[in-house]
Every structure is written in C-alpha cells, then in structure tokens.
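Q: The sequence and its predicted three-dimensional model are supplied below.
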Amino acid sequence: MDDYIWHKTNPMPGRWPTHLRDGWEYVFHLAKTKTPYFNADAVRVPLGEWLKRRGSKPTQRDKRKCLSATGSGFGVARSYWYGKESVLPSNVLTLHCENRNVGHPAAFPKQLPEFFIKLLTPDNGFVIDPFSGSGTTGLAAVHLGRQCLLIDNKKAYCELANQRIGGLE
C-alpha cells in the first residue's frame, strides 16, 4: 500500500497534472415546479445522411426489429426512421471550448446556454443566471429574444457582463 500515492480528483474543469482532460461537465437546471417547461422540439437535430442513402421506402429487412449487437436486448426497426426529418439530440453536448479571453477564468461557448434556453424557456421567456460570470448566458438569452436577470457576487464580473451585453458581441 505504501507504494501507491492516492490523489483526490479535482472536480473543476481544466488541465490538472493528475488526470485526463474532462470529457463532460454537469449542467444544472433549477426550476420552481416539478414539471418545468421543456420543449424538446426546439433542439431537434437533422437526421443523418444515412437515411437518404437508403432510399425512400423501407425494405423487408428494415421492417424487422434488429437487436443490438451488444446483447442488451434493445433493438429498433429501421422503418421507424423513414419519413422523419429530425431526432432528439444526445444528452451529451459536444461543443468547442471558449478560447477567447473574455475576462473570466471559466467562460464557456454561447452555444451551451443557447441550447438550454431553447429547451427550457418559451419564446419571450425569462432566464435567471445566479452565477453569471462573464455574462455568456445573458448574451445567449438576448440573442434568442428572452429577458434575463444575471447575478454574480463579484462586481467586476457584473460590470464585464454588462459591457458584453451592452455591446452585444
């Protein structure tokens, strides 16, 4: 046991000398009700080109349920996808990191709050960000036609967010 050094994994995103680059990060959605607004249609993604290559009519094979090769027991009939234009996205979003210096150490790309604002607020809805930092959520909210209230405990970040939203990057 003395030959091993145990490291506590740091939960913060970024580069750490003792573990690999994070591939995901939790995003929390706070709501006042047990059944908050949820518009999955607002974030649908187009179906892949594979369906167009298969032709316009399902084959007999497509009509049969094909079981997963993993042995899980799950499967799908490919004919289910014919006539559809879009599908729900995965619950893992793949976005590029924010690489501009916006004056905050944990800035994220505007596409992240845009996704959740479309999913979780109606048109002309209201967005509250209690940890607004550099104001990226506010920029996304205004861009999507929502009202927003941004809160941060550092005056410098409040001023930064106000400048960014006032200039509408």
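A: Nice, thanks for sending it over. Numbering: from 1, shown residues only.

Q: buried stuff in stretch 62-73?
A: D62 (16 or more other Cβ atoms under 10 Å). Placement of C-beta: from N, CA and C, glycine included.

Q: what's the straight distance from one end of that stretch to the other?
A: 18 Å (Cα to Cα, to the nearest Å).

Q: cool, and stretch 121-140?
A: Note: stretch 121-140 ends 12 Å apart using Cα to Cα.

Q: ok, for C148, nearest residue in space, not its chain neighbours?
A: With Cβ to Cβ, 6 or more residues apart in numbering as the criterion, C148 has its nearest non-adjacent residue at 3.9 Å, and that residue is A141.

Q: Show residues contacting the host helix or strand of the one you found.
A: Using DSSP states H and E, A141 sits within helix 136-143. For helix 136-143, contacts defined as Cβ atoms under 8 Å, 6 or more residues apart in numbering pick out 98, 102, 107-110, 112-114, 117, 127, 129, 132, 147-148, 150, 161, 164-165, 168-169.

Q: Quick one: mean pLDDT over that helix.
A: Averaged across helix 136-143, pLDDT comes to 96.

Q: List the buried residues in it.
A: Those would be T136, T137, G138, L139, A140, A141, for helix 136-143 by 16+ other Cβ under 10 Å.

Q: Mind splitting this structure into its structural domains?
A: 43-87, 93-167 (automatic domain parsing).

Q: Check the ones you listed for me and report the most buried one.
A: Most buried of the domains of the chain, by mean neighbour count (mean count of other Cβ atoms under 10 Å): domain 93-167, with a mean of 16.

Q: Now find how far off-centre that domain is within its chain.
A: Computed by Cα atoms, centre = their mean, to the nearest Å, the chain-centroid distance of domain 93-167 equals 13 Å.

Q: Just the endpoints, please. Distance across it?
A: 28 Å.

Q: for stretch 25-38, same thing?
A: Taking Cα to Cα, the first and last residues of stretch 25-38 lie 21 Å apart.

Q: Can you name the residues in contact with the helix or strand where V76 lies?
A: Using DSSP H and E, V76 sits within strand 75-77. Strand 75-77 is contacted from outside by D62, K63, R64, K65, C66, L67, S68, using Cβ under 8 Å, 6+ apart.

Q: Quick check: the third one vs S79, distance?
A: This points to R64. 9 Å (Cβ to Cβ, to the nearest Å).

Q: follow-up on the earlier one: of all pairs in the contacts of strand 75-77, which one is the farthest apart?
A: The distance between the two most remote of the contacts of strand 75-77 (Cβ to Cβ) is 17.6 Å, for K63 and S68.
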